[in-house]
Structures are given as C-alpha cells and as structure tokens.
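Asker: need a structure here:
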Amino acid sequence: RNVSFHVDKKPCQPGDVVLDVEHMTVASKIHKNNAVKDVSLKVRRGEIVGIAGVDGNGQTELIYGLTGLDKPSSGTITLCGKDISHASIRHRGEHMSHIPEDRHKHGLVLDFTLEQNMVLQRFNEPRFENHGFINNKAVRDYANYLIDKFDVRSGQGAITRARSMSGGNQQKAIIAREVDRDKDLIVAVQPTRGLDVGAIEFIHSQLVAERDRGKAILLVSLELDEVMSLSDRILVMYEGEIVGELDPKKT
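Answerer: Next up, the predicted model:
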C-alpha cells in the first residue's frame with residue numbers, strides 16, 4: 001500500500017498548561033557539569049512540543065528528571081496544577097504516560113508475557129485485581145483488545161514472552177499501553193526508533209489523534225523530519241539548555 005511520510009494534522013488549538021517546568025537542573029552522571037541547566041518549558045493541552053537537538057545534549061536527563069527516573073538538583077515541575085518535583089514515579093504516573101527511550105531497559109519486562117506487560121502500571125486497578133489476586137481473564141481480555149487495536153504482532157498473542165517479539169512490535173506494545181492509559185500528558189521519547197515505515201505512519205497518526213483529543217504531548221526525537229512534521233512548537237536543546245523556540249511552519 002502507499003505510505004504517507006507527510007503527517008496530516010489540523011492546526012493546533014492549545015488549551016490550559018498541563019506541564020510547567022521552571023528552572024530545572026539535573027546533574028550529569030558522566031561528567032562534573034550539569035546535564036540539564038536551568039531549563040524552563042510549558043506544554044499545553046492540544047499541542048505537541050518537540051525537543052530537537054543532537055544526541056547527548058541533555059535530552060535524556062531532562063526526561064529522567066520529569067518522569068522521576070532521576071532527581072533534579074533544583075527547579076520545580078508542575079503537572080496539572082500540582083507540584084510533583086518530589087513525587088514518586090507511581091504518583092507521577094497518575095497524570096503522565098511515558099514512552100521511554102530504551103524499550104528494553106525502561107519499557108518492558110522482557111521475561112514477562114505481553115499481557116503482563118500491558119498492565120504493568122494498572123494491575124492494582126479494581127478491574128484487574130480483587131483482594132490482592134489478579135483477575136487473569138480481565139488482563140487477557142484487555143491485552144487482546146490492545147493487540148487488535150494497535151496491530152501488535154506476536155507468535156502466541158497475549159501469552160507471548162516480550163523478549164521473543166520483534167523490536168517494532170515491542171514498541172507498538174508500549175505505545176498501545178501508554179496511549180490507552182489516557183493520561184493528561186504523554187512524554188514520547190524516540191517513539192519510532194528502529195521501526196518500519198508502516199509502523200512509523202501508524203504511531204504518528206496515534207500521537208496526532210491524542211493531541212486532537214486534548215492531550216499534551218512532549219516529543220523528544222533525534223529524527224529531524226519527525227520533529228518537524230509532528231511538532232506544533234519546537235524547542236532546541238544544546239549543551240543542556242533550551243537555546244531556541246521555533247515554529248515548524250516557518251522553519
């Protein structure tokens with residue numbers, strides 16, 4: 001079939017501020033300098049804010065600081081009006097979906113089945129758990145629903161070990177899980193890394209659909225084409241600082 005590399009999307013209509021980062025600094029684990037230096041940014045409902053820049057300029061540490069994988073040394077992070085600067089990862093996850101940069105390290109438990117991976121952050125919800133016991137039928141039904149909706153291909157369906165799946169289908173599984181969690185903010189880091197053109201087109205359309213539903217999306221990508229075609233605003237990161245804000249239509 002024909003694949004469109006152009007992302008069709010309506011002009012964005014930004015709403016309230018969902019994510020407000022002020023003067024955030026994150027120390028580097030590699031050298032003495034800070035990896036993120038006094039960064040401030042806002043992401044509103046109904047817009048995709050893209051972070052562009054050459055790899056290694058603080059993008060990874062910025063996302064770690066936002067999602068709780070690392071602790072910022074200073075600054076405040078406000079999500080949906082609440083200060084989450086010192087909140088746990090589970091608490092942050094109540095308002096935030098995270099498509100991580102490294103699908104093996106932070107996205108999946110590779111020796112778990114696909115169905116177990118689909119409920120990693122939700123197994124304690126009443127629909128999946130009763131008095132400490134997991135409702136396996138509900139988990140499997142939910143996994144099958146996501147597999148169908150997002151076209152996740154695996155040898156044995158919901159009971160496939162995540163490790164045995166192709167990288168593209170592992171990525172689709174993560175995106176299915178995070179998009180369906182229906183949170184106010186989606187942090188998408190390298191969402192199409194290593195995927196085929198059909199999967200890339202599908203994932204781009206999903207992110208735009210979520211934007212149109214009023215979600216705030218923070219996109220970090222090293223693919224300049226992806227940043228240019230998906231973003232409504234582009235922030236350029238260099239040596240740990242935001243050095244410019246650009247309008248993709250005029251850039």
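
Asker: Where does residue 26 sit: helix, strand or coil?
Answerer: The local conformation at residue 26, judged by DSSP: H, G, I helix; E, B strand; the rest coil, is strand.

Asker: these two touch, right, it and residue 63?
Answerer: No: assessed by C-beta atoms under 8 Å, residue 26 is found out of contact with residue 63, at 9.7 Å. Backbone N, C-alpha and C define where each C-beta goes, glycine included.

Asker: And the pLDDT at residue 13?
Answerer: pLDDT, residue 13: 90.

Asker: any idea how far the residue of the chain most remote from its centre is from residue 116?
Answerer: Note on the chain: the largest C-alpha distance from the chain mean falls to residue 131, namely 31.2 Å (C-alpha atoms, centre = their mean). Distance from residue 131 to residue 116, counting by C-beta to C-beta, to the nearest Å: 20 Å.

Asker: and if you look at residue 53?
Answerer: 35 Å.

Asker: more crowded one of those two?
Answerer: Neighbour count, other C-beta atoms under 10 Å: between residue 53 and residue 116, residue 53 has more, with 24 against 20.

Asker: which non-adjacent residue is nearest the more buried one?
Answerer: For residue 53, ignoring the flanking residues on the chain, the nearest one in space by C-beta to C-beta, 6 or more residues apart in numbering is residue 237 at 3.9 Å.

Asker: Could you list the residues in contact with the helix or strand where residue 209 lies?
Answerer: Using DSSP states H and E, residue 209 sits within helix 197-212. Contacting residues not belonging to helix 197-212 are listed as 1, 3-5, 7-10, 12, 46-48, 150-151, 168, 171-172, 175, 179, 186, 188, 191-192, 195, 217, 219, 226, 229-230, 232 [C-beta atoms under 8 Å, 6 or more residues apart in numbering].

Asker: Many thanks, I have nothing further to ask.
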